[in-house]
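**Student:** coordinates for the following, if possible.
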Amino acid sequence: MKHFLYIIYSKNIDKYYVGESPNVLNRLEQHNNHYFKTNFTKVATDWKLMLSYSCKCKEDALYLERFIKRMKSRKFINKVIENQLILDDILQKRK
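**Tutor:** Numbering: from 1, shown residues only. As a prediction, this is how the structure comes out:
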């Protein structure tokens, strides 16, 4: 089943959030409506989709999500948003 890596942004709190889902638009709606009560995204209601990257499988999406989160870098997230080919390279080097 196809999965997506996604990056959303809240202007109110000036933060990014990285996640994975089979349905990005539904997940964005869930974040904005506080569906996830204990999730970091509950602090804002203005989440906007910045990136949706299609992966072949859930494992690839999870790998990319963890990779980006381990970087702990806003600069890196901005680079990924500007150039999605970075994600292709990350997956290529994994294999």
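
**Student:** show me what the closest residue to residue 57 other than its chain neighbours is bridged to.
**Tutor:** Spatial nearest neighbour of residue 57, chain neighbours left out: residue 3 (6.3 Å); criterion: C-beta to C-beta, 6 or more residues apart in numbering. C-betas here are computed from N, CA, C, even on glycine. For residue 3, the beta-bridge partners under DSSP bridges are residue 55.

**Student:** test my guess that residue 3 contacts residue 63.
**Tutor:** No - Residue 3 is beyond contact range of residue 63, at 10.6 Å (criterion: C-beta atoms under 8 Å).

**Student:** burial check on the residue nearest to residue 57, number of neighbours?
**Tutor:** By the criterion of other C-beta atoms under 10 Å, residue 3 has 22 neighbours.

**Student:** okay, it and residue 65: tell me how far apart.
**Tutor:** 10 Å (C-beta to C-beta, to the nearest Å).

**Student:** which neighbours do those two have in common?
**Tutor:** Residues touching both residue 3 and residue 65 (C-beta atoms under 8 Å, 6 or more residues apart in numbering) are residue 20.

**Student:** tell me the contacts of residue 62?
**Tutor:** residue 20.
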